[in-house]
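# coordinates only, no sequence provided:
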């Protein structure tokens, strides 16, 4: 698979932007609510420790108090994911769907599933049902990011007619 020098970083930039956008739709709008009050902050079902970390204990998470470095970091992760995709894709079957699904599974299992197990479950005592909801959010994020990376990476410009 031969790619231009700029194609992989461009795929990663697009994937990172998609990752951020889907995080806003899932975690921000549905999970935490735009102004609080989302299901992930509902004190009747959520761990009080997790709610305190996100809303009360100073310093608040950067994604709440100063999101720019986190948004930028997530775009950088998208670029890293694109380089991983370029490295592994030649060993995978041809086709955007086949490669994107493999990349999504890789990102989901190595990053997001580990995160949910180690932090919300382990450190914050988050209830299993909310972790399952978050895993659905993370799966959606991994799928969208991976498909964007695969589409941009596999895109071939039309041949010019002579």
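Received, thanks. On a predicted model such as this, the values are computed, not experimentally measured, just so you know.

# quick check: residue 63 vs residue 154, distance?
Distance of residue 63 to residue 154, given as CB to CB, to the nearest Å: 31 Å. In short, each C-beta sits where N, CA and C put it, glycine included.

# show me what the longest helix belonging to the chain is packed up against.
Counting residues, the longest helix found in the chain (DSSP state H) is helix 128-154. Packing contacts for helix 128-154, counted by 3 or more CB pairs under 8 Å, 6 or more residues apart in numbering; DSSP states H and E, involve helix 7-23, helix 68-88, helix 96-107, helix 114-116.

# looking at those, which is buried most?
helix 7-23 (a mean of 21; mean count of other CB atoms under 10 Å).

# what's the angle from that one to helix 68-88?
If you take axes from the mean of the first three to the mean of the last three CA atoms, to 10 degrees, helix 7-23 sits at 130 degrees to helix 68-88.

# if I look at residue 36, what pLDDT would I see?
Residue 36 carries a pLDDT score of 85 in this model.

# excluding chain neighbours, what is closest to it?
residue 55 (7.1 Å; CB to CB, 6 or more residues apart in numbering).

# and if you look at residue 143?
residue 104 (4.6 Å).

# measure that neighbour to residue 50 for me?
26 Å.

# mind checking the helices and strands packed on helix 128-154 for the one nearest to residue 145?
Comparison of the helices and strands packed on helix 128-154 against residue 145 by CB to CB identifies helix 7-23 as nearest, at 4.4 Å.

# show me what that closest one is packed against.
Using 3+ CB pairs under 8 Å, 6+ apart, helix 7-23 sits against helix 68-88, helix 128-154.

# distance to residue 27 and mean pLDDT for those - can I get that in TSV?
Output for these, formatted as TSV (distance: least, CB to CB, whole Å; pLDDT from 0 to 100):
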stretch	distance to residue 27	mean pLDDT
helix 68-88	12	98
helix 128-154	6	98
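
# let me have these in CSV, adding distance to residue 116 as columns.
As requested, the helices and strands packed on helix 7-23 are exported to CSV (distance: least, CB to CB, whole Å):
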stretch, distance to residue 116
helix 68-88, 16
helix 128-154, 5
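
# which of these sits closest to residue 44?
Set against residue 44 and scored by CB to CB, the helices and strands packed on helix 7-23 come closest in helix 128-154, at 11.5 Å.

# the closest one vs helix 7-23, what angle?
Helix 128-154 and helix 7-23 are oriented at 150 degrees to each other (the same axes, to 10 degrees).
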